[in-house]
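>>> got a predicted structure here, sequence first:
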Amino acid sequence: MSMAGINDSLMGDTVAPGIDGCTESGIQIPFLQEMCDQFHAEFGYQMIFVAERGEIVAAVLRERIGTVHAIGAEIMSGMRDEGIVTEADAAQSAFMKEGVSVGIDVDGNRVAVVGITGPVEKVHPLARLAGMWVIAMVRAENARCDQEAMAEQMLTQQREMLEQQKEYVRERTRSIQSLLDFSGQGFLSFGADMKVRPEYSRECVEIFGEEIEGHELSKLLYSDPQDQADFVDALALVFAGDSSPDVVFNLLDSSVKIRNKTVELDFRAIDTDYIMCSLRDVSEQQMLEARISEVNELREMLLGVVMNRPHFAALVREADRLFELLNSMTAGGEFTGEEEDVASAYREIHTFKANASYLKLKRSVDAAHRLEDALAEFDVLTDGTSVLLRIEEMQHAFRKDLFTVKNNLGPEWIAPDETMVIPRLQLEELERQLRSEVSGGGEIADRLQRLQMVPYSTLESRVAGLVQDLASARGKRLKPLEFSGNDFLLDREYYEALSHAVTHIIRNMVDHGIERPRDRERAGKAAEGVVRISSAEQNGHVRIIIEDDGQGIDVQKIKAKAISLNLVQHTSQPSREELLKLIFKQGFSTAAYVTPTSGRGVGLVAVRDEVKRVGGKLSVSTRNGKGTRFEISIPKGSAVRGLHEG
């Protein structure tokens, strides 16, 4: 209560307080009543507190007293400073028979009178003391009221400042939301309760299709309960401080499917209490990237086919033979291949895949790889249905690749109008008749045969690009292929067999022989590896040497693998040459895992079979850290001739 309030209370019409210590006007002045009670308890005398018009506002007595003695009135009016109650005075008051009344001035204003009943000689000094006491009490109350007023004023100012701060935050929030909206990305933040806070960009509404304030983020991102639980558990580690935010964020999904949209996610810790999540709808971008990828794949395939036209034609013939073999193993709608036939088909598929890969026929390559997987499982699970499905899939993929080539390059591209296509069997029959039935036909037959033969040197253009593509795909570096030696002619069948063998050897060298640039430099080698092919005629044979400067073949690793497959006894001591021969055994591979190009133990088996098919010999030598050398020897004859031989 302020000083003015106290004055108003003391100078107004008041009555003795009731039990609750309140006046009729409802103004509380409990300290006055407490003072009267305390004075009575301390000194044993009754005290009355009188206001201007003679109304008692506080007293020990709990009854209404309507009058006051004349001395009190005179003191109140300023006619005297104090007075002693006489018998004449006492006759006017039913309360004070004797006693003393003292005026009370507060800050220069006479505000009340205090009267104390009792013998004058005893209560006179107490009256003065009571007056001083009341003044001190009023001033203390006034100071308290001033402090309350000041505190109330400060509180009001703080409320105003807080409201200003809130308005500033709201304005900043609106500004931030405007910036976030302008960014075109979804931004939201959340705390440990996993609920989205009010500040999020409008793009979030586009992504989720609704306002998301207060929604649980786990349920917005995932529909599967287990995914939701995993998401919450992971982020709980961040909020609890049990794990680094970056570690957890790297383990979370980088993209999710929301309403048939692909949305990229990125999480950042704002502070220890909140995390921000940015969302970007990349559906259109993915569609565009997929389309660009398709166009690039088509361009690479067509370019590969155009630049390697003879090889594409050879692949088509190879595919016809392969599909004929596979169809013969699927009689009656079931896959019924014997173990030897399956192994043969496995090698043919592996070779087909290698050649299709060189020509960038990606659909055919992927389908062939899946068929290899199915055949590998067939050895254990005898799941013929899966093999049948994969065979049909590969045939469909190759037909689709073939249609793409013809559709873009034209059907005449493979067989131009000026070229007459004669089946190989008819040419062979014509050659046979010329030799046996026509006088002097031998020379014509030889010319027919030479027309069907292919220069060995054309192999360079095929493998040169292949070796660089393989190295690039494996993160390795190679110098340009070194191709040297004598040229000679090969029957087409021999040429295809030889090209298959060389292709498999080169793939094996790049995959397992040539080291990565850093490893080569640590070993004191140049960062770029070397693969070279050379040829020479010697003692009626054509020798083709394929070698690299890689890490060589680990013979001890071959032995360990052979022991694990029970091909070699643990106590036996096979020679180095005997161990190296094992790499040409079906299914033998020291690779730790299967890649699209190697690791199945098939490639070198195909090399062995192709060389054997043309009556050749095959050998291999290796030096640790120096490289590996393969040598193919083919006897010269009608199918293998010198370039200028008749």
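Yes, it's here.
>>> neighbours around Phe221, how many?
Heads up, residue 221 is Leu, not Phe. Neighbours of Leu221 under the rule other C-beta atoms under 10 Å: 20. The way it works is simple: take the backbone N, C-alpha and C, and place the C-beta from them, glycine included.
>>> the helix or strand where Glu324 lies packs against which elements?
If you go by DSSP states H and E, Glu324 is part of helix 309-328. In terms of contacts (3 or more C-beta pairs under 8 Å, 6 or more residues apart in numbering; DSSP states H and E), helix 309-328 is packed against helix 339-358, helix 384-409, helix 492-508.
>>> extract the CA atoms of the last one and return them as CSV.
The C-alpha atoms that make up helix 492-508 are tabulated as CSV, following Å, rounded to 0.1, in the frame of the first residue of the first chain:
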residue,chain,number,x,y,z
ARG,A,492,37.2,-67.2,-88.7
GLU,A,493,36.5,-69.9,-86.2
TYR,A,494,40.1,-69.9,-85.1
TYR,A,495,40.1,-66.2,-84.9
GLU,A,496,37.0,-66.1,-82.7
ALA,A,497,38.5,-68.8,-80.5
LEU,A,498,41.8,-66.9,-80.2
SER,A,499,40.1,-63.5,-79.6
HIS,A,500,38.0,-65.1,-76.8
ALA,A,501,41.1,-66.6,-75.2
VAL,A,502,43.1,-63.3,-75.4
THR,A,503,40.1,-61.4,-74.0
HIS,A,504,39.7,-63.6,-71.0
ILE,A,505,43.5,-63.5,-70.3
ILE,A,506,43.5,-59.7,-70.4
ARG,A,507,40.5,-59.4,-68.2
ASN,A,508,42.2,-61.7,-65.7
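>>> got the contact list for the helix or strand following that helix?
With elements assigned by DSSP H and E, the helix or strand that comes after helix 492-508 is helix 517-522. By C-beta atoms under 8 Å, 6 or more residues apart in numbering, the surrounding residues in contact with helix 517-522 are 476-477, 526-529, 551.
>>> need the buried ones from those selected in PyMOL.
In PyMOL, a selection of the buried entries from the contacts of helix 517-522 looks like this (16 or more other C-beta atoms under 10 Å):
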select buried, resi 476+477+529+551
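>>> among the contacts of helix 517-522, which one lies nearest to Arg291?
Minimum distance to Arg291 across those is 31.0 Å, recorded for Lys476 (C-beta to C-beta).
>>> isn't the closest one up against Val531?
No: taking C-beta atoms under 8 Å as the definition, Lys476 is not a contact partner of Val531, at 10.7 Å.
>>> which residues do those two both contact?
The contact sets of Lys476 and Val531 overlap at 510, 514 (C-beta under 8 Å, 6+ apart).
>>> may I see the domains of this structure written out as residue ranges?
3-155, 184-281, 294-420, 454-642 (automatic domain parsing).
>>> make CSV out of those domains and add mean pLDDT and distance to Tyr168.
Compiled in CSV, the domains of the chain are given as follows (pLDDT from 0 to 100; distance: least, C-beta to C-beta, whole Å):
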stretch, mean pLDDT, distance to Tyr168
domain 3-155, 58, 20
domain 184-281, 90, 15
domain 294-420, 80, 53
domain 454-642, 84, 55
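>>> dump these to a markdown table, plus distance to Leu162.
Listed next are these as a markdown table, based on distance: least, C-beta to C-beta, whole Å:
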| stretch | distance to Leu162 |
| --- | --- |
| domain 3-155 | 10 |
| domain 184-281 | 19 |
| domain 294-420 | 60 |
| domain 454-642 | 61 |
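>>> before we move on, what SS does Phe335 have?
With DSSP: H, G, I helix; E, B strand; the rest coil as the basis, the three-state label of Phe335 is coil.
>>> measure stretch 542-560 end to end?
Terminal residues of stretch 542-560 lie 35 Å apart, using C-alpha to C-alpha, to the nearest Å.
>>> in it, what counts as buried?
Using 16+ other C-beta under 10 Å, the residues of stretch 542-560 that count as buried are 542-553, 555, 558-559.
>>> pLDDT of stretch 162-169, averaged?
Mean pLDDT, stretch 162-169: 76.
>>> Phe190 pairs with what?
The partner list for Phe190 in beta bridges (DSSP bridges) reads Val196, Ile275.
>>> hang on, it packs against His215?
No: applying C-beta under 8 Å, one finds Phe190 not in contact with His215, separated by 9.5 Å.
>>> which of those two has more neighbours?
Set Phe190 next to His215 and count neighbours by other C-beta under 10 Å: Phe190 wins out with 22 against 16.
>>> list the contacts for the more buried one?
So, once contact is read as C-beta under 8 Å, 6+ apart, Phe190 ends up touching 196-197, 217, 274-275, 277.
>>> all strands for the stretch 101-250 of the chain, in order.
Using DSSP state E, counting those that start in this stretch, the strands of the stretch 101-250 of the chain run over 109-117, 186-190.
>>> closest to Val342 out of the buried residues of stretch 542-560?
With C-beta to C-beta as the yardstick, the closest approach to Val342 among these comes from Ile558, at 24.7 Å.
>>> what residues does the helix holding Glu324 touch?
Taking C-beta under 8 Å, 6+ apart as the criterion, the residues outside helix 309-328 that touch it are 305, 341, 344-345, 348-349, 351-352, 355-356, 358-359, 361, 391, 395, 398, 402, 405, 414, 454, 458, 462, 492, 496, 499.
>>> buried subset of those residues as a PyMOL selection?
A single PyMOL command suffices to select whichever of these are buried according to 16+ other C-beta under 10 Å:
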select buried, resi 305+344+345+348+349+351+352+355+356+358+359+361+391+395+398+402+405+414+454+462+496+499
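>>> just say helix, strand or coil for Gly587.
The three-state assignment at Gly587 reads coil, by three-state DSSP.
>>> for it, give me the backbone phi and psi.
Dihedral angles of Gly587 (phi, psi; degrees, to the nearest 10) stand at phi 80, psi 0.
>>> what about it, how many residues nearby?
Neighbour count of Gly587, defined by other C-beta under 10 Å: 13.
>>> what's the overlap in contacts for Phe190 and His215?
Applying C-beta under 8 Å, 6+ apart, one finds that Phe190 and His215 are jointly contacted by Val196.
>>> re the thing from before, in TSV: the contacts of helix 517-522, plus secondary structure and distance to Gln164.
As requested, those are arranged in TSV below (DSSP: H, G, I helix; E, B strand; the rest coil; distance: C-beta to C-beta, whole Å):
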residue	secondary structure	distance to Gln164
Lys476	coil	67
Arg477	coil	66
Ala526	coil	72
Ala527	coil	66
Glu528	coil	70
Gly529	strand	72
Gln551	coil	74
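>>> from the contacts of helix 517-522, pick the one nearest Tyr222.
Taking C-beta to C-beta as the measure, Tyr222 lies nearest Lys476 of the contacts of helix 517-522, at 40.8 Å.
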